[in-house]
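>>> What follows is a predicted structure for the sequence shown.
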Amino acid sequence: MSKLSWPHSLVFKALVLVVVIGLIVVFTQHRLYEKDRELGQVVIQRNLALMQLMAENHVEELVRDAEFIANSPVLKNYLRSMSPYALAPAQEAFWVLSTLRPQYDQIRYIDRFGIEQIRVNRRNGQSELVTDDLQVKSDRDYVRKGLALKPGETALSPFELNRENGRIEVPYRPALRAIARLGEVGEYYTPGIVVINGNADQLIHRLVTALPATSELILLNEQGGWLAGGGDQDWQFSITPSATFASSHPSLWESIKSSQTGQFELAGECYNYTWHSYREGEVSSPRWLIGQRRVDAPCTTELLDNVQQGGLRFAIAFGLSFPLLLLWHRASARKRELVSNLEARNEELRLIANESGHGLLRVDAQGCVEWMNREAERLLGWKEADLEGQNLHETCHQFEDGESLHKGPCPTLEALQTGQTYRSEHERMLDRSGSIVHLTMSVSTYGEGGERRAIVAISDIGSHIEMEKTLTELATTDSLTGALNRRSLLQQLDVWTTNATNPPCLLMLDIDHFKRVNDTYGHNAGDRVLKAFSSQIMELLRKGDVFARTGGEEFVVAIRNLSLADASALAERIRMAVAGIECQTDNGDIIRITTSIGVAIYQEGESVEQLLARADGALYRAKHGGRDQVRVG
Ligand SMILES: Nc1nc2c(ncn2[C@@H]2O[C@H](COP(=O)(O)OP(=O)(O)OP(=O)(O)O)[C@@H](O)[C@H]2O)c(=O)[nH]1
């Protein structure tokens, strides 16, 4: 196989394939990535919104319960009367609420001095009314905050771990407290607050259910302390104030605080968050950061997944298309090889055709030229490029007025129609200048129907014709004088006497004393005289008359359609014309000659020899009669 050029090499094609597949994969993956990312963001936003809604509903119940019990008539009745009889119904109302809301750890009424007056605990699935261990809680933040509320106002305390007797209760009991300040119940009485300790764990568990398995909840308080999602650091802010997210990542925390929602990446994991506050602006409530962490997945997960998928798709597409490329490459290489061989073969044929000595043309089924060799170009005067596509018959076999050079149909077109070979030893064609060229021609066809082609081979026979003409002339004429020779004369006389309807008349001429001319002026001068003599006679003859040299200085004129008298008169004119010839020698001498002429007309039944003999006899008598005269035999 020949060496391939770079654009045809397999490596080049493979590179093109790589680029094309690469571009397609990058384009489609990019679009997929955009969609994935969009979808991922939608899912995250939905998760965050869902968690916010769950938190809002959870707290709403807590707050409403606190407001409900704070406004309950039994509590107000007790506070108005402060009677032990009124205390029991109030305690019962607290207890009933506790049994209805098992998620509440404590429901209490704390008076304006911060002392617990009514308290129901929820322990081990039971609601317990506590009467003998009521404590002073005036030092607690939530109590101070609650007593600072205006009557009828409600507040929410931050998440914190429950403390018992000044110590954090273990196991941890994270609490979220709703505090409702009682409205005015009497002119001289300032009421305290109702505090419900909601179980924060329950809220956290609920929030977790809003998330897919691949994500974990993160919950931080306003100070950056971990409530959930911080592992060992959850709730540690209550014990060690520095064990917070804010302390671990101060600058990150600053940026998180400044934006309502956002995304960040830590330790290769992606976090999304939103700040949430219960009834924003309506109720005094702390802010929490609710969010999700994608486990072991960075924020660029979609991008990385897409790159990975893209790589896989690229490999599959390349793996599937490369064998096809290989097949195509082999097929096209084979085709190129064949085409190249064909071209080489064509070139070879063209060389052979050019060297063959024949003019060759290939014409299609319609007779239009497809190709021609140099010899054909030379013979017809056309360049291949100019004749290509032109109809050979119309161009080279037809005159401008449409008249054809062929008597019958064009042999090339006929050969194309019949599929038979045509040969002619003498064909005529028109060359580019419109001159007729004499040729031998053969037309061979191959193929069938519309695919049939003809090879037209032509050879110049113009030179042969010339040569034949020369040879014929040499064989029939006298080279010195141009007159016919004796043999031709006899042939012509044979023809004329065979069909004796129009019998010939002979004038036999002999230059008088010609030997003297030779002897006096030389042989060359004698030749010149012979030429001048012949020219003079030929001038007096008409087309169709025959003039022949039958001996050294002996000539015969043969004429038809002439009576003996007319022949004698012609002989006399010739005699006189010859007498007028003045032939100059090289020395400037003038030679003058005379001729004797014997005339005889063909007589029915005699032979050519007998006719000649009678003319010769008449000549003999003219010579012996004194020369320079005409005698009839
Ligand atoms: N220059 C020249 N002389 C020729 C040629 N053919 C024949 N002769 C000469 O022609 C002469 C013929 O001479 P003769 O036969 O004796 O006749 P003549 O001299 O013409 O005398 P008459 O015919 O009797 O008048 C010879 O001397 C030939 O040599 C030729 O081709 N050229």
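Great, that's in hand.

>>> Give me the buried positions along the host helix or strand of Glu377.
Glu377 is part of helix 374-380 when elements are defined by DSSP states H and E. Judged by neighbour count (16 or more other Cβ atoms under 10 Å), helix 374-380 contains these buried residues: Glu375, Ala376, Glu377, Leu379, Leu380. Every residue, glycine included, has its C-beta placed from N, CA and C.

>>> export those residues to TSV and tack on pLDDT and distance to the ligand?
Supplementary listing: those in TSV, determined by pLDDT from 0 to 100; distance: Cβ to the nearest ligand atom, whole Å:
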residue	pLDDT	distance to the ligand
Glu375	90	44
Ala376	93	47
Glu377	93	48
Leu379	92	42
Leu380	93	46
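
>>> Just the pLDDT at whatever residue of the stretch 151-300 of the chain ends up closest to the ligand, thanks.
At 121.3 Å from the ligand, Thr300 is the closest residue in the stretch 151-300 of the chain, using Cβ to the nearest ligand atom. We have a pLDDT of 85 for Thr300.

>>> residue ranges for the helices of the stretch 51-200 of the chain, please.
73-81, 84-100, 141-147, 200-209 (DSSP state H, counting those that start in this stretch).

>>> Contacts only, for the residue nearest to Ser238 when sequence neighbours are not counted.
Closest residue to Ser238 apart from its sequence neighbours, by Cβ to Cβ, 6 or more residues apart in numbering: Leu161 at 4.7 Å. Applying Cβ atoms under 8 Å, 6 or more residues apart in numbering, we find Leu161 in contact with Ile168, Glu169, Tyr172, Arg173, Pro174, Ala175, Trp235, Ser238.

>>> hey, what's the nearest residue to the third one once chain neighbours are set aside bridged with?
In space, Tyr172 comes closest to Leu161 once its chain neighbours are excluded; the distance is 5.0 Å by Cβ to Cβ, 6+ apart. Note on Leu161: beta-bridge partners Pro174, judged by DSSP bridges.

>>> measure Leu161 to Trp235 for me?
6 Å (Cβ to Cβ, to the nearest Å).

>>> Over to Arg101?
Arg101 is 23 Å from Trp235, by Cβ to Cβ.

>>> cool, Ile196 as well?
In terms of Cβ to Cβ, Ile196 sits 20 Å off from Trp235.

>>> more crowded one of those two?
More crowded of Ile196 and Trp235, by other Cβ atoms under 10 Å: Ile196, with 30 against 21.

>>> pLDDT value on the more buried one, please?
So Ile196 comes in at 96 (pLDDT).

>>> pretty sure it contacts Ala66?
Yes - in this structure, Ile196 is within contact of Ala66 by Cβ atoms under 8 Å, at 4.8 Å.

>>> list the residues that contact both of the two?
Ala178.

>>> quick check: mean pLDDT across the longest strand anywhere in the chain?
Counting by DSSP state E, the longest strand found in the chain is strand 436-446. Across strand 436-446, pLDDT averages out at 91.

>>> need the contacts of Leu161 in a markdown table with distance to Leu53 and pLDDT, can you?
Shown next, in a markdown table, are these (distance: Cβ to Cβ, whole Å; pLDDT from 0 to 100):
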| residue | distance to Leu53 | pLDDT |
| --- | --- | --- |
| Ile168 | 31 | 88 |
| Glu169 | 30 | 85 |
| Tyr172 | 26 | 87 |
| Arg173 | 25 | 86 |
| Pro174 | 21 | 90 |
| Ala175 | 22 | 89 |
| Trp235 | 24 | 93 |
| Ser238 | 27 | 88 |
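
>>> Is there a quick PyMOL command that grabs whichever of those are buried?
To isolate in PyMOL the members of the contacts of Leu161 that are buried, counting by 16+ other Cβ under 10 Å, one can use:
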select buried, resi 173+174+175+235+238
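
>>> And the contacts of Leu161, which is closest to Glu553?
Trp235 (158.8 Å; Cβ to Cβ).

>>> so that closest one touches Trp226, yeah?
Yes - here Trp235 reaches Trp226: they are 7.0 Å apart, a contact under Cβ under 8 Å.

>>> Surely Arg37 is in contact with Leu304?
No - in this structure, Arg37 is not within contact of Leu304 by Cβ under 8 Å, at 11.7 Å.

>>> Those two: which has the busier surroundings?
Arg37 (16 against 12).

>>> now the more buried one, what's its secondary structure?
Assigned by DSSP: H, G, I helix; E, B strand; the rest coil, the conformation of Arg37 is helix.

>>> Kindly report the same for the one 5 residues further on.
Reduced to three states with three-state DSSP, the structure at Val42 is helix.

>>> For it, grab the count of nearby residues.
Neighbourhood size, Val42 [other Cβ under 10 Å]: 10.

>>> for Asn561, same thing?
Neighbours around Asn561, by other Cβ under 10 Å: 12.

>>> Also Ile581?
Quick note: Ile581 (other Cβ under 10 Å) scores 18 neighbours.

>>> same check, this time on Ile24
Ile24: 13 neighbours (other Cβ under 10 Å).

>>> Quick one: work out the angle between the helix or strand containing it and helix 73-81.
Ile24 belongs to helix 10-70 when assigned by DSSP H and E. Interaxial angle of helix 10-70 relative to helix 73-81 (axes from the mean of the first three to the mean of the last three Cα atoms, to 10 degrees): 50 degrees.

>>> Do I have it right that Ser247 meets Trp226?
No - when contacts are counted by Cβ under 8 Å, Ser247 is not listed as touching Trp226 (10.7 Å).

>>> Which of the two has more residues huddled nearby?
Per other Cβ under 10 Å, whichever of Ser247 and Trp226 has more neighbours is Trp226, with 22 against 16.
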